[in-house]
Each structure stands twice: as structure tokens, then as C-alpha cells.
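# Predicted model and sequence below, questions to follow.
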Amino acid sequence: MLIHYLDLAWRNIKLTPLISCLMVIAIGIGIGVTMTSLSVYHMMSADPIPQKSAQLHAVQLQTMDDGQTWNTPDDIPSQLTYQDAKYLMENSPQTQSVAMMKSGAAVHLDNPESIPFIQDVRITGRAFFNMFGLSFLHGEAWSETQSEQAAPVVVIGEALAQRLFQRTDVLGESIYLDERQYEVIGVTKAWQPAIKFYDVNNGPFQRAEQVFIPFSHIEAYELHSWGNTNSWKNEDISGYEQFLHSEMVWLQFWTQINSENELKNYQQFLMDYMIQQQKLGRFNRKQLAYNVKPVNDWLKYNQVIDPDNKILVGLSFMFLAVCLANILGMLLAKFLKRAPDAGVRRALGASKRQIFFQHLVEVALLGLLGSVVGILLAQIGLIGIRETMSIYVGIAKMDWTMLLLSPVIAILACLLAGLFPAWVVCKTSPATHLKVQ
């Protein structure tokens with residue numbers, strides 16, 4: 001019976017091509033706008049690293065004295081001081097822990113044809129690659145010895161390797177970061193999480209870095225952060241050494257915790273450290289506090305999803321409702337024009353239910369056709385977002401979930417709009433139309 005209804009629906013669509021095309025276009029525009037905003041929101045709210053989001057934890061310490069406030073929900077700074085980050089990384093009971101920061105440099109080669117360009121640099125520990133799921137095309141991360149000696153070594157992404165050398169197997173090659181020469185010891189595969197969750201302080205939707213150097217370079221070469229550097233305390237800082245031992249917070253810290261037992265041990269480790277520091281004159285508070293938050297809790301804590309995006313999704317569905325209101329009118333006019341046909345079918349034995357469902361099948365087919373148009377328009381909209389807003393490059397795209405959801409929304413929306421017109425037609429008395437015939 002369904003195949004018969006589909007055949008009738010397709011014949012009826014071809015009998016009224018103009019009004020059918022108008023309805024398909026109206027549905028397509030509504031779905032296009034809706035799926036554009038919904039796809040962006042879906043990618044924003046998706047788990048950026050589902051295979052490890054429960055194990056990776058961001059660490060915060062309440063370093064401020066009593067009475068001080070911070071722009072976080074619980075007044076705990078979202079970043080760490082250098083002295084705290086270095087201690088936690090070197091003494092952590094967890095083998096997978098990293099401190100990191102965003103920096104940058106002019107990248108170039110040692111030849112006159114190489115034009116320098118600015119590139120973000122991630123300064124971090126060697127555990128970063130394993131913790132955050134970066135895979136190597138060639139080589140590997142720096143060794144503990146190279147890190148301790150602040151050896152001039154660098155890991156770069158495959159896109160940067162292609163840009164500099166037109167190939168990816170570049171182990172042993174040299175690149176310059178500003179005026180300092182570095183040896184390439186590793187090339188990572190393309191890696192771009194939808195949300196830059198490991199450093200939301202410096203923009204959660206920015207592109208991931210393509211250059212990685214050891215954390216020990218911060219102190220060895222007096223490197224500065226290109227991210228956020230803040231403080232709650234008025235300090236007289238006259239040199240880099242004093243800056244490193246100040247209460248300035250400018251480093252992110254992550255640790256991998258695989259069980260409840262490990263979490264309890266790590267929390268005790270943090271508390272013991274804070275008590276020790278309190279005895280040395282820091283952390284002047286009655287109540288010591290810290291946070292160890294898994295990835296998804298960390299994103300909620302930092303309010304990565306702007307409330308405006310939720311409003312935008314709501315407005316797009318309202319626009320779809322307006323499109324459906326127009327479709328409802330066109331469906332009513334189209335179905336009433338064919339009411340004599342329905343009257344004849346009723347006289348020949350078709351039930352009201354059969355007439356009703358036959359019209360709903362036609363409406364669903366129009367919704368399916370409209371979803372195809374909507375997906376194409378949504379792709380155009382997402383391309384426009386990527387071209388005009390570079391920070392949304394990683395999230396302005398439609399994954400398989402959204403691709404499959406588009407026809408579902410289109411068909412359900414059209415069925416909702418078609419309920420009243422189909423009901424009006426099936427309630428029509430067949431005798432009226434038989435007299436006309």
C-alpha cells in the first residue's frame with residue numbers, strides 16, 4: 001500500500017509542478033537555515049575527545065588570599081602560576097601530566113627565498129602528544145634528557161611540513177623560530193579538535209598549533225606567553241626570574257586520571273602541596289580549594305557555548321515555523337483543488353483513513369525533496385561561515401548525525417503542516433463531488 005501511495009504522491013506532484021516546486025523551495029530554505037545554526041551548535045556542544053574525555057582533567061588551584069575574586073563561577077583562577085605548574089608536573093603521582101602555554105614565533109628556513117610567517121607555538125611537556133591523541137607520521141616527541149637540557153628540538157604538524165618543505169618526511173631538517181634554530185624530530189598527523197578544549201582561555205574555537213617545543217624552554221630562553229597572563233596581586237616584578245616566581249597565572253595544566261582511586265590520590269597530593277605552600281606564606285586562606293575537572297565539565301565551567309548560539313537555534317526553528325505556515329496554505333489550496341478525486345475514491349470504497357494517509361505520504365515526499373534542497377543550502381551557509389569567521393573552521397561543518405537528522409526534521413515538519421489540509425480533504429462528503437462529476 002505504501003508503494004501505491006508513493007506512486008500517487010509522485011503523480012500528484014508532477015500534476016502541479018509550480019506549487020510543488022514552491023513548497024520544496026520553502027521547505028529547503030527553512031531546513032537550510034535551521035540546519036546551519038543547528039550544525040554549528042551541535043559541533044560546539046559535542047565531546048571534543050570522546051575516547052578520553054572522562055580521563056583528562058584540568059587542574060586549578062585557589063592561589064588567592066581571602067577576599068580576592070576571579071572571573072570564574074567559584075573564584076578559582078583557571079590557570080596556574082609557573083612555580084605551581086612546574087612543581088605539579090615534576091612531582092605528580094600521575095605519569096601523564098602536562099603544563100603548557102600558548103606562544104608564537106616567526107617561522108622560516110635558512111635560505112633567502114623563505115619568507116617568515118607568524119605561527120602559534122604550543123610549549124608543553126612530552127606527555128601532551130599521548131594524552132591528547134596526537135599521532136606521529138614521522139619521528140617522535142622529545143626525550144626526557146632533551147627536555148631537561150632544553151635542547152633546540154621541535155615537533156611540527158604535517159601541514160606546516162608541507163608548507164615549508166613540500167613533503168612530510170623532514171626529520172633532521174632545521175627550521176627557525178624567530179632567530180633560534182631548531183631541529184625537527186617529529187611530524188604529527190593532521191589534528192584539529194572541534195573545540196580547543198585544552199586551552200579555552202585563549203579562544204576555544206581557534207586552530208590547534210602546528211609547532212610544539214619542550215616546556216623547559218620557557219625558563220631557558222625566557223619565553224613569553226601569547227595567551228592570557230593575569231594576577232590578583234600587586235607585585236614589583238623587575239626581571240624574568242621574579243616573573244616566574246610571581247603570583248601571575250598564565251599556564252594551563254592537565255593530568256590523566258584513570259580511576260576513582262587515582263582521583264582521590266591526586267586530590268590528596270594537591271591538598272598536601274597547598275598546605276606546604278601555605279606554611280611558606282602563600283595561599284593565605286581559611287579554606288584551601290582546588291578543582292580537578294574532566295573535559296566536559298571543564299567546558300561547561302568555562303561557558304564555552306555562548307547563550308547567543310542557543311537563541312540563534314531557537315530563532316532558526318521559528319523561521320522554519322514561518323515557512324511551514326506558508327506551506328500549510330499552499331497544501332490546503334492544492335488538496336482542495338483535488339477534492340473531487342478524493343470524492344471519487346471515497347465513492348469507490350476508499351476509507352477516510354486511506355485518503356488521509358495518502359495525502360500525508362505526499363506531504364512526506366515533499367519534505368524529503370525539501371530536505372535535499374535544505375542540505376545543499378546548509379552546506380553553502382556553513383561554507384560562508386568558515387570563509388567569514390576563521391575561528392569557526394573546525395565547527396562550521398555538518399557531520400553524519402546532522403546529515404541524517406535533516407530529512408527527519410523536514411519530513412516531520414511537513415507532516416505537521418499537512419495534518420490539517422489532509423484532514424479537511426478526507427472529511428469532504430463524496431456526494432458533493434459526485435454531483436459535480
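Arrived safely. Residues are numbered from 1 along each chain as shown.
# what sits against residue 225?
101-103, 250-251 (C-beta atoms under 8 Å, 6 or more residues apart in numbering). Placement of C-beta: from N, CA and C, glycine included.
# Make sure I have this right: it is in a strand.
No - if the criterion is DSSP: H, G, I helix; E, B strand; the rest coil, then residue 225 is coil and not within a strand.
# Run a quick neighbour tally on residue 425.
Neighbourhood size, residue 425 [other C-beta atoms under 10 Å]: 24.
# Now intersect the contacts of residue 225 with the strands, please.
101-103 (DSSP state E).
# that older thread, looking at the contacts of residue 225, which one is closest to residue 12?
Set against residue 12, the nearest of the contacts of residue 225 by C-beta to C-beta is residue 102 (60.0 Å).
# In ChimeraX, select just the buried ones from the ones in strands among the contacts of residue 225.
Of these, the buried ones can be selected in ChimeraX as follows, counting by 16 or more other C-beta atoms under 10 Å:
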select :101,102,103
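# Let me have the ones in strands among the contacts of residue 225 in CSV, adding pLDDT and distance to residue 388 as columns.
CSV is the format used below for these (pLDDT from 0 to 100; distance: C-beta to C-beta, whole Å):
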residue, pLDDT, distance to residue 388
101, 96, 29
102, 96, 24
103, 96, 28
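# Put together CSV for the ones in strands among the contacts of residue 225, with distance to residue 73 on each row.
What follows is these, written out as CSV (distance: C-beta to C-beta, whole Å):
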residue, distance to residue 73
101, 23
102, 23
103, 28
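# with the ones in strands among the contacts of residue 225 in mind, which one is nearest to residue 218?
Using C-beta to C-beta, the ones in strands among the contacts of residue 225 come closest to residue 218 at residue 101, 7.3 Å.
# beta partners of that closest one?
residue 123 (DSSP bridges).
# Can you tell me how far it is from residue 94?
From residue 101 across to residue 94, the span is 20 Å (C-beta to C-beta, to the nearest Å).
# So residue 123 versus residue 233, what's the distance?
24 Å.
# can you check residue 276 too?
Residue 276 is 19 Å from residue 233, by C-beta to C-beta.
# Please apply the same query to residue 178.
From residue 178 to residue 233 the distance is 31 Å (C-beta to C-beta).
# got the contacts of residue 225 as a markdown table, with distance to residue 322 columns?
Listed next are the contacts of residue 225 as a markdown table, based on distance: C-beta to C-beta, whole Å:
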| residue | distance to residue 322 |
| --- | --- |
| 101 | 48 |
| 102 | 44 |
| 103 | 49 |
| 250 | 48 |
| 251 | 49 |
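# Residue 123 and residue 233: which is more packed in?
residue 123 (24 against 11).
# My guess is the more buried one contacts residue 216. True?
No - the pair residue 123 and residue 216 does not pass the contact test of C-beta atoms under 8 Å, sitting 9.1 Å apart.
# Could you verify that residue 265 is part of a helix?
Yes - applying three-state DSSP, one finds residue 265 inside a helix.
# Would you confirm that it contacts residue 93?
Yes - Residue 265 lies in contact with residue 93 (C-beta under 8 Å); the separation is 5.6 Å.
# Nearest residue to residue 228 in space, please, no chain neighbours.
residue 201 (4.9 Å; C-beta to C-beta, 6 or more residues apart in numbering).
# what residues are up against the one you found?
By C-beta under 8 Å, 6+ apart, the neighbours of residue 201 are 78-79, 227-228, 252, 302.
# buried subset of those residues?
78-79, 227-228, 252, 302.
# Looking at those residues, spot the one nearest residue 212.
Of those, the one sitting nearest to residue 212 (C-beta to C-beta) turns out to be residue 252, at 14.0 Å.
# Going along the chain, name the helices of the stretch 201-350 of the chain.
Ranges of helices in the stretch 201-350 of the chain, per DSSP state H, counting those that start in this stretch, are 217-221, 240-244, 260-279, 295-301, 307-337, 339-347.
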